[in-house]
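**Student:** next input, structure requested:
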Amino acid sequence: MATFSRPESPIATGRRPTITDVARAAGVSIAVVSYALNGRPGVSERTRRRVLQVAEELGWRPSAAARALRGTPGTVALLLVRDTVGATSADADLELADGLRDVLGADLPLAVHLVESPSAAAAAIATWWAEHRYDAFVMTGIRTDDPRLAVVERLGVVAVLVDHVSWPRPADLDDGRGAPRRQRPAGPLHTMSAAAWAPRTVALDAAADVKVGRHLGDLGHRHVAVLAPATPLRSGHGAADAVGEEVDRRGGITIVEPCTTLEDVATTARRLLAAPDRPTAIVTSDDLGALVVLDVARRSGLAVPWDVSVVAGRDAPVLRLSTPPVTAVARPLRALGQEAGRQVLHAVGRHGGGSPDDVASRTVSGGRLVIRGTTAPPR
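**Tutor:** Next up is the predicted model:
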């Protein structure tokens, strides 16, 4: 009668399971595992079920599936969630992908995947990592209690997290347990413990958002509304915080209104602009939101910028062509992608381990406030 042992799980040690691990855990030979997984005769039904159960528990995938599905050796995946939160950021994501390609080049091809939710992304990461399909993952829009982070930590996945605006800088933050952020040493994954490292992170600094608050405050605005994403992001709402701090310093008040969709933006703008103490300036999180606010203001009989000033939190060509042209923040998204690419190279050991610039959390500066025709002193 066969006996089955339960050695330490490969997942617990931060490496990917192999057919040898399945055989050892099931207490059978590698040949028996191969027969059982491929449905070949020569093993009992009880043993076959046991092998399949162990393989599933360990997260192992047949090598044939890995060869058929995986990208080329040394492939990186950019995983984008396309739910109501991420649906309006297609242009920004393209800039981010261009920056990644600038750095990764031909040696580390980049594959871009669109998924419908963070939970679907987490499932994809678990499957593709077990299949050895990708060597690293780049993820954006990380939320609090994000299932993607749980998978990354449990399986020891090589990951780079791209946050939006950091306030304060990520280097000033801890890991939520009072300890500094830890980086994953470069080197083969099978030598690393899943609990010994944290994902690398990159984010934009808030310098341009500070300029937005300063610009509006200096114009005389003392009641400013910021339309921020409703979804709780891991990095917080740094842009809104930076704007609010500058307005507050000048004796004003800032209200932050949560908005997930463009419909939310329209509804919120109508409510704010119909109030007797309406804000004299509205800052949106992106370009499309600013255009929605412009439309709502016109339909409400308000003149932009004299009755209400509008600032877009992300610039786009359409904002230069609108009437009036929209004041906006030009975000260095391609540079953000390039920094994410450098973090990938460090994580997979292709950037010269131990180099002095190997820091696990980075911010990218260079955002500019582009003043156009939608901001003026309130009347």
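**Student:** mind listing what's buried in stretch 339-351?
**Tutor:** 339-349, 351 (16 or more other C-beta atoms under 10 Å). Where C-beta positions appear, they are placed from N, C-alpha and C, glycine not excepted.
**Student:** turn the residues you listed into TSV, including pLDDT, distance to A360 and secondary structure.
**Tutor:** Formatted as TSV, the buried residues of stretch 339-351 follow (pLDDT from 0 to 100; distance: C-beta to C-beta, whole Å; DSSP: H, G, I helix; E, B strand; the rest coil):
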residue	pLDDT	distance to A360	secondary structure
E339	95	12	helix
A340	96	12	helix
G341	95	15	helix
R342	94	12	helix
Q343	94	8	helix
V344	94	12	helix
L345	92	13	helix
H346	91	8	helix
A347	90	9	helix
V348	88	14	coil
G349	83	14	coil
H351	69	12	coil
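**Student:** spatially central residue for the protein, please.
**Tutor:** Centroid check for the chain by C-alpha atoms, centre = their mean gives T140 as the closest residue, at 1.5 Å.
**Student:** now, the most widely separated pair of the buried residues of stretch 339-351?
**Tutor:** Farthest-apart pair in those is E339 and G349; separation 17.8 Å (C-beta to C-beta).
**Student:** closest to T231 out of the buried residues of stretch 339-351?
**Tutor:** Of all those, A340 has the smallest distance to T231: 20.8 Å, by C-beta to C-beta.
**Student:** which residues touch the closest one?
**Tutor:** 96, 99-100, 138, 160, 162, 202 (C-beta atoms under 8 Å, 6 or more residues apart in numbering).
**Student:** how about these in CSV, adding neighbour count, secondary structure and pLDDT?
**Tutor:** Formatted as CSV, these follow (neighbours: other C-beta atoms under 10 Å; DSSP: H, G, I helix; E, B strand; the rest coil; pLDDT from 0 to 100):
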residue, neighbour count, secondary structure, pLDDT
L96, 26, helix, 94
G99, 23, helix, 96
L100, 27, helix, 96
V138, 27, strand, 97
V160, 27, strand, 96
V162, 27, strand, 93
V202, 27, strand, 94
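**Student:** from these, which single one is nearest P325?
**Tutor:** For the contacts of A340, the residue nearest P325 by C-beta to C-beta is L96; the value is 25.1 Å.
**Student:** A335 is in contact with that closest one, correct?
**Tutor:** No: using C-beta atoms under 8 Å, L96 is not in contact with A335; the gap is 9.9 Å.
**Student:** low pLDDT regions in the protein?
**Tutor:** Within the chain, the segments meeting pLDDT under 70 span 1-16, 38-40, 61-73, 84-89, 167-197, 351-358.
**Student:** show me where it has its strands.
**Tutor:** For the chain, the strands defined by DSSP state E occupy 76-81, 110-115, 136-140, 159-165, 200-204, 223-229, 253-259, 281-284, 309-312, 327-330, 361-364, 368-370.
**Student:** looking at those, which is buried most?
**Tutor:** Mean neighbour count (mean count of other C-beta atoms under 10 Å) peaks for strand 281-284 among the strands of the chain, with a mean of 30.
**Student:** so who does A225 touch?
**Tutor:** Contacts of A225 (C-beta under 8 Å, 6+ apart): 254-257, 272, 279, 281-283.
**Student:** do I have it right that the residue nearest to the centre of the chain meets L80?
**Tutor:** Yes: the pair T140 and L80 qualifies as a contact (C-beta under 8 Å) at a distance of 6.3 Å.
**Student:** how far away is K211 from P332?
**Tutor:** As defined by C-beta to C-beta, to the nearest Å, K211 lies at a distance of 14 Å from P332.
**Student:** whoops, I mixed them up, L319
**Tutor:** L319 is 17 Å from P332, by C-beta to C-beta.
**Student:** out of those two, which sits in the more crowded spot?
**Tutor:** L319 (23 against 19; other C-beta atoms under 10 Å).
**Student:** so what does the nearest residue to that one once chain neighbours are set aside look like in phi/psi?
**Tutor:** Computed as C-beta to C-beta, 6 or more residues apart in numbering, the closest residue to L319 that is not its neighbour in sequence is V326, at 4.0 Å. Main-chain dihedrals, V326, degrees, to the nearest 10: phi -90, psi 130.
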